[in-house]
Each structure stands twice: as C-alpha cells, then as structure tokens.
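Participant: Sequence plus predicted model, see below.
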Amino acid sequence: MNKKPRAAIYTLGCKVNQYESEAIAEALTAKGFDIVPFDEDAEVYIINTCTVTAESDRKACQIIRRAAKKRPDGHRPAVLVTGCMAQSQPERAGAIAGVTYVCGTRNKLSCVEKAVESVSLAALPETAEIRVPEVDCCGFEEMTINRSESDRARAYIKIEDGCENRCTYCAIPGSRGLVSSRRPDEVIREMERLADAGYREIVLTGIEIASYGADFKGDPLLNGYRLIDLLEAADTVPGVERIRLGSLEPTYMKPATVSRMAALRHLAPHFHLSLQSGADHVLHLMKRKYSMRHVRTILADIREKIPDVMFTTDIMTGFPQETAEDFAETMAFAKEAKLLHIHVFPYSRRKNTPADAMSGQLSGEEKSRRASALIAEQNEIEASIYRELADTHPTVTFLAETYEDGVVIGHTANFMEVHVRCDRDPGRDFFTVCVTGAAGSHFTAEF
C-alpha cells in the first residue's frame, strides 16, 4: 500500500488566516493528503503568513527557513508560502532558500494544486515559482470548511476580504485589496453545514466586516445588502445558538443598526470595536473616521439597548507624534469606559505607509513603556469588572472550550472567561454553573 503524502500548515496572524488554513487543509485531505503537525516530517509545508507588524514578517521568514531545512525521509520538502507577507513581499519570500512556491491572499487554494503537483515531481525546482496576482483584480476566493480543528468549540466563517479605510499605519489594504464580500447564500449554507456538524457557536470574520456588502452595488439582487441583513438571516439558522462577530469599525454601530442587532435572538452581546487610540489628535493622524465623543455616544447607545453587553478593543501606543497628553487621554478613556479587555501593542513602522514617513517617531523604549503602563491599568480594570459581576451574577452560562489539568475553560455570551474545576472533560457544550468568585481576568465557578 502506498503511503499517503503528508502536509503540514503553519498559520500566523488573524482568524481570517486560520480559517483559510483550515480550508486549505480540508482541500488537501480531499486530495489524499494526511495533515500532520508542523514539527513532524512532511512532503509539503505550507506557511500562511501575516504582515501586520515587522515582527510578523520576521517570524514568517524564520518559520519558512525552519521548514526548508527539514529532510523528511532524507528528501527535500516542497515549501509553499502564502498570505499577507507573501502578497506584499513575494520576492523576499521567494528568495529564501528552499522555497518552491509563493502565492498571495486571493489565490491561497492554489497551494492545494501545487502540493499535489510537488509530490509527483522527481525533483523540486531550485527557484521558487511566484504566482501573486494583483489583489484588486481578483474577487472573493470561495472556500469552505466542514469542521474547525483550531477551535473545537466554535467555528469561524470568513464572510469578507479586503479593506478600503486606508489608515495611515496599516499595510494590510496593500496585501488584501478592496472589499470583496461572500454571497449571503454561501455564508448561510456553510453555517448550516457547521451546525449539522455540531458547532453551536459561529464567528463571522473578515478583514473589515463592517464593510460587508459594499461591493454588492452592481448586483440588482444584493444592492444595499449589508452586514446587519446577513446577521438577521444567520439568526434563523437551526442549531446555531450563538453568533459572534469579528473586529468591527466603530462607526458601523449606528443607532438604527444597533436597534436591529438588539432584536436578534442569537447574537452574542460582545463587540470588539477597533479603536486604536483614545485621543482625538492621534485618531486624526491615523485617519480614523471618528472622534472620542462619537465613540462615547456609540458605547452608551449599545449599552442602553443590549443588556449585559461587553466590549473589547485594540489600542496602539507610541504612534508618531503621540504626546504625553495624548497618551494620558487614552489612559483616562480606559478608566472611564471600563472595557472588558484591551489588546495593547506598540506601534510598528511599516514600509510604504504614510505613518512610516511621519516626523515625531517615538523610541522603541517609549512605545513599550506606554504599552506596559496601559496593560497594567487595564489589568486592574478587568479584575474590577470580574469582582463586581461575581457579586451580582450567581450563575452564568458558558461554552466549554478547553479542558486541561482538571480545569474547564470557556466564555459566556458576553465573552467573560469562566474556569471550572472538574474531574473529567465535559465536552464542548454550553453549561450553566454557579459563580464562586473572581480571580483576575476570569470567574471561578462550579457545576
């Protein structure tokens, strides 16, 4: 019996990349491949790259080189590189010794045909084939999954690609292109398949999901169809008990939209609003579309209409020309807004972005100092939220996601983390538990 060819996939970056890697893995399985962990021997290694920071690029190159040095059964493996770093810097990716193929963000599934071709070759090419099309010449690349290997409790569905916001710090539009939306009927069909497979929580994700449907203008059947329309359709899918959203542009949350969201039965009361800063001066330099006064109005409206809602966000520290006063405004906003979690990260210069050419670049030490200060402040805020709610919520319902060292860990609908000691793994399901206290950034509870 011939041994099946083996493929290993390494994914860097966002949930969109993770979804795309799972779609590639399923397509490879259908072609007769065994998918193995990346540290094991394989005939094909696929690296799905990210380019959001300089560190992302560095790590991608490190992983590519690691794969290229492997010698399964004494033979050189095929090393295929895709994703945002491959799209924006194809020559850099292709120049790494041992790379055989480079493709971009809108033709990722070509890795499947290239993997099939590679295992049939007597000898792999010495130079990389680079097939990276212009992103704006390609529509949405249709791909599907029937299971989620990276998250056994919930499944992600990519509904959109691309971003047209053109924030001054961001390199992603150059690697992901213009907004391209998946047709709603395809999204709903995938939700139905995943629900049939047992997934009861679905996360709708994309590069900029608030822009979903913006490219439907030329379609007489879908002109005007936007994210809220898709959510209303998704809310009716049998078997799906919870729908969660990926990162949202805050200005999408208009009063009429929030009112429609509040009427949905299954939409999780948790929104990740990508703010980036709490200071108007910095937001202006970033070319964000809102002021902090606008943000405060949005938060108040959502809190009024959606009970128990929680917010998470991203904040960048040390943006060019961010003053000490600007940073103090961000710190003050964090204290005032009481967001459940803030993903804090220092600004990273990206070539060919307007921010890279700005004067007033801060030192790495100052960017990191501000990040550490905001993280420390947010940790206190997060702990206070859990302490306060532990006293007022005797029970919570959570989705069990992992089981390790006798502890079940999961999240409530509003994304609060729950830890429950248990002598066995209860499986990936919803459970109502009694809250016994708060420990930093999670509830402690018991069945």
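Facilitator: Arrived safely.

Participant: what helices or strands is the helix or strand residue 65 falls within leaning on?
Facilitator: For residue 65, the host element (DSSP states H and E) is helix 54-68. Packing contacts for helix 54-68, counted by 3 or more C-beta pairs under 8 Å, 6 or more residues apart in numbering; DSSP states H and E, involve strand 6-11, strand 44-49, strand 78-83, helix 84-88, helix 90-94. Every residue, glycine included, has its C-beta placed from N, CA and C.

Participant: just for the stretch 101-250 of the chain, where's the confidence low?
Facilitator: Filtered on pLDDT under 70, the stretch 101-250 of the chain yields the residue ranges 149-151.

Participant: what about 80?
Facilitator: 137, 148-152 (pLDDT under 80).

Participant: Run through the residues that contact residue 226.
Facilitator: By C-beta atoms under 8 Å, 6 or more residues apart in numbering, residue 226 lies in contact with 212-214.

Participant: sorry, back to before: the helix holding residue 65 vs strand 78-83, what angle?
Facilitator: Using axes from the mean of the first three to the mean of the last three C-alpha atoms, to 10 degrees, the inter-axis angle of helix 54-68 relative to strand 78-83 is 160 degrees.

Participant: And for helix 54-68, what's in contact with it?
Facilitator: With C-beta under 8 Å, 6+ apart as the test, helix 54-68 has contacts from 8, 10, 12-13, 38, 45, 47, 49-51, 77, 79, 81, 83, 85, 89, 92-93, 96-99, 348-350.

Participant: for the record, mean pLDDT for it?
Facilitator: For helix 54-68, the mean pLDDT works out to 95.

Participant: where do the helices sit along the protein?
Facilitator: For the chain, the helices defined by DSSP state H cover 15-30, 54-68, 84-88, 90-94, 110-120, 172-176, 184-196, 227-234, 255-262, 280-286, 292-305, 324-337, 364-392.

Participant: now, of those, which is deepest in the fold?
Facilitator: Highest mean neighbour count of those: helix 84-88, a mean of 28 (counted as mean count of other C-beta atoms under 10 Å).

Participant: Which strands or helices does that one pack on?
Facilitator: Against helix 84-88 (3+ C-beta pairs under 8 Å, 6+ apart) you get strand 44-49, helix 54-68, helix 90-94, helix 172-176.

Participant: Let's have those in CSV, adding distance to residue 118.
Facilitator: Shown next, in CSV, are the helices and strands packed on helix 84-88 (distance: least, C-beta to C-beta, whole Å):
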stretch, distance to residue 118
strand 44-49, 6
helix 54-68, 13
helix 90-94, 15
helix 172-176, 24
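
Participant: Just the buried residues of stretch 164-174, please?
Facilitator: Residues 165, 167-174 are the ones in stretch 164-174 that count as buried (16 or more other C-beta atoms under 10 Å).

Participant: same question, stretch 310-323
Facilitator: Buried residues in stretch 310-323, defined by neighbour count with 16+ other C-beta under 10 Å: 310-320, 322.

Participant: what's the span of it, first residue to last?
Facilitator: This stretch, stretch 310-323, spans 29 Å end to end (C-alpha to C-alpha, to the nearest Å).

Participant: what's the answer for stretch 42-61, then?
Facilitator: 19 Å.

Participant: hmm, back to that, of all the buried residues of stretch 310-323, which two lie farthest apart?
Facilitator: Pairwise distances across the buried residues of stretch 310-323 (C-beta to C-beta) peak at 31.5 Å, for the pair 310 and 320.

Participant: Compile the helices of the chain into TSV and extend it with columns for distance to residue 270.
Facilitator: Below are these laid out as TSV (distance: least, C-beta to C-beta, whole Å):
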stretch	distance to residue 270
helix 15-30	15
helix 54-68	26
helix 84-88	26
helix 90-94	36
helix 110-120	33
helix 172-176	23
helix 184-196	19
helix 227-234	14
helix 255-262	12
helix 280-286	23
helix 292-305	11
helix 324-337	15
helix 364-392	13
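
Participant: Including mean pLDDT and distance to residue 33, could the helices and strands packed on helix 54-68 go into CSV?
Facilitator: As requested, the helices and strands packed on helix 54-68 are arranged in CSV below (pLDDT from 0 to 100; distance: least, C-beta to C-beta, whole Å):
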stretch, mean pLDDT, distance to residue 33
strand 6-11, 97, 5
strand 44-49, 98, 7
strand 78-83, 97, 12
helix 84-88, 95, 21
helix 90-94, 96, 22
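
Participant: can you list those in TSV and add distance to residue 438?
Facilitator: What follows is the helices and strands packed on helix 54-68, written out as TSV (distance: least, C-beta to C-beta, whole Å):
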stretch	distance to residue 438
strand 6-11	33
strand 44-49	37
strand 78-83	39
helix 84-88	38
helix 90-94	46
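
Participant: Among these, which comes closest to residue 415?
Facilitator: strand 6-11 (22.4 Å).

Participant: ok so, going back, the helix holding residue 65 vs strand 44-49, what angle?
Facilitator: Using the same axes, to 10 degrees: helix 54-68 against strand 44-49 is 180 degrees.

Participant: Give me the distance between helix 54-68 and the centre of its chain.
Facilitator: 19 Å (C-alpha atoms, centre = their mean, to the nearest Å).

Participant: Surely residue 310 touches residue 272?
Facilitator: No. Under the criterion of C-beta atoms under 8 Å, residue 310 is not in contact with residue 272, lying 9.8 Å apart.

Participant: can you pull the contacts of residue 214?
Facilitator: Residues in contact with residue 214 (C-beta under 8 Å, 6+ apart) are 164, 179, 181, 226.

Participant: I misspoke; the intended subject was residue 401.
Facilitator: Counted by C-beta under 8 Å, 6+ apart, residue 401 has contacts 151-154, 409-411, 428.

Participant: gap between it and residue 304?
Facilitator: Residue 401 sits 30 Å away from residue 304, going by C-beta to C-beta, to the nearest Å.
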